[in-house]
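In: Give me a model of this one.
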Amino acid sequence: MDDVLKVKLLHPDAQLPQRANPGDAGLDLYSIEEKNIAPGEAELIRTGIAIELPRRTEAQVRPRSGLALKHRVTVLNSPGTIDEGYRGEIKVILINFGKTPFKVEKGMRIAQMIIAPVMSVTVSVTEQLAESERGEGGFGSTGITKINEK
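Out: Residues are numbered from 1 along each chain as shown. The predicted structure is shown next:
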């Protein structure tokens, strides 16, 4: 797998995605515009970049913990998926769950992008699925008995 993320700068204010610290999983994404996000509202924020992902990967757009904790601002469709073949501008949907307006500024780190491998599978119909320890338990089924036994 080729491990080069090619980035095209589409705007003079665009910044290359980068890690804040060596070893960080996420590459920071930066806003190229100023926008106000009212409480309870969402806005599409431009980054001014387009990317070419390595083969068999996706980019996952995730929230920044500092924005979530300090301002209650997060990525609405988290994680947002950018498919390998997409070549348009990367844009981030931010939502303000806070009680006061939030101002996005030019050059602000608004999200992080994780590059992850994608497994290609063949889909087939079957009449029988293999048994598993979990079985059909879902929606909090693991450990719920212990809570209800108290």
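
In: ranges for the helices of this structure?
Out: Under the criterion DSSP state H, helices of the chain are mapped to 65-71, 144-149.

In: Give me the mean pLDDT for stretch 10-26.
Out: Looking at stretch 10-26 alone, the average pLDDT works out to 96.

In: Stretch 64-78 too?
Out: Averaged across stretch 64-78, pLDDT comes to 95.

In: same thing with stretch 37-57?
Out: Stretch 37-57 comes out at a mean pLDDT of 98.

In: Give me the buried positions along it.
Out: By neighbour count with 16 or more other Cβ atoms under 10 Å, stretch 37-57 contains the buried residues 37, 42-43, 45-51, 53, 57. The C-beta positions use only the backbone N, C-alpha and C, and glycine is treated the same way.

In: how about those residues in TSV, adding distance to residue 22?
Out: Output for the buried residues of stretch 37-57, formatted as TSV (distance: Cβ to Cβ, whole Å):
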residue	distance to residue 22
37	32
42	33
43	32
45	27
46	28
47	23
48	25
49	22
50	26
51	21
53	22
57	21
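
In: ok, those vs residue 117, which is closest?
Out: residue 57 (5.8 Å; Cβ to Cβ).

In: Isn't that closest one up against residue 115?
Out: Yes: at 5.4 Å, residue 57 counts as touching residue 115 under the criterion of Cβ atoms under 8 Å.

In: about what we covered before: return the subset of the buried residues of stretch 37-57 lying in strands.
Out: Here DSSP state E is the test, and the buried residues of stretch 37-57 give 37, 42-43, 45-46, 49-51, 57 as lying in strands.

In: Now tabulate those residues in TSV and tack on distance to residue 134.
Out: Shown next, in TSV, are these (distance: Cβ to Cβ, whole Å):
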residue	distance to residue 134
37	40
42	35
43	40
45	39
46	42
49	41
50	41
51	37
57	29
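
In: Give the burial count for residue 109, as a bare number.
Out: 17 (other Cβ atoms under 10 Å).

In: Please tell me how far it sits from residue 35.
Out: 15 Å (Cβ to Cβ, to the nearest Å).

In: next one: residue 85
Out: 28 Å.

In: neighbour-wise, which of those two wins?
Out: Comparing residue 85 with residue 35 by other Cβ under 10 Å, the one with more neighbours is residue 35, at 16 against 7.
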